[in-house]
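# The following comprises the amino acid sequence and a computationally predicted model.
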Amino acid sequence: MKFRPLHDRVVVRRIDAEQKSTGGIIIPDTAQEKPQQGEVVAVGPGGRDEQGRLTPLEVEVGDTVLFGKWSGTEVKIDGQELLIMKESDIMGVLDQVKLKAAA
């Protein structure tokens, strides 16, 4: 991808939603809500504070993030559907904790 977001903007690719309910019922595409989780694909350099100093972003490329239902602007770049949003629209980063097998 040859797109670089500016300022405090972040490019996110939605993570596909589960197509089955917890009870095992298959949910059709028309009834599914858009997922609110995504993977960060690109980040801008950061915002500026009142003194003009650059404030780096807290999210990094590869982070799995949680964002609001109506956050961001949907765009299509290189055939991929992506979201461009400000870092402030991101609610948090989901940490993937790897469990060690007890010995």
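In hand now; what should we look at?
# which regions of this structure sit below the pLDDT cut-off?
Regions of the chain meeting the criterion pLDDT under 70 cover residues 1, 17-33, 35, 97-103.
# Show me the strands in it, by range?
Using DSSP state E, the strands found in the chain span residues 9-14, 37-43, 47-48, 54-55, 64-67, 73-77, 80-86, 90-94.
# Just name the most buried of the ones you listed.
Highest mean neighbour count among the strands of the chain (mean count of other CB atoms under 10 Å): strand 9-14, with a mean of 21. Glycine gets a C-beta too; all of them are placed from N, C-alpha and C.
# how far does that one sit from the chain's center?
Distance, stretch centre to chain centre, for strand 9-14: 5 Å (CA atoms, centre = their mean, to the nearest Å).
# dump the residue contacts of Pro56.
Pro45, Gly46 (CB atoms under 8 Å, 6 or more residues apart in numbering).
# Hmm, Glu81 is touching Arg14, no?
Yes - counting by CB atoms under 8 Å, Glu81 touches Arg14, with 7.3 Å between them.
# The nearest residue to Lys2 once chain neighbours are set aside: neighbour count?
Closest residue to Lys2 in three dimensions, ignoring its sequence neighbours and counting by CB to CB, 6 or more residues apart in numbering: Asp78, at 7.9 Å. By other CB atoms under 10 Å, 8 other residues sit near Asp78.
# From Gln51, how far off is Asp78?
For Asp78, the distance to Gln51 equals 37 Å [CB to CB, to the nearest Å].
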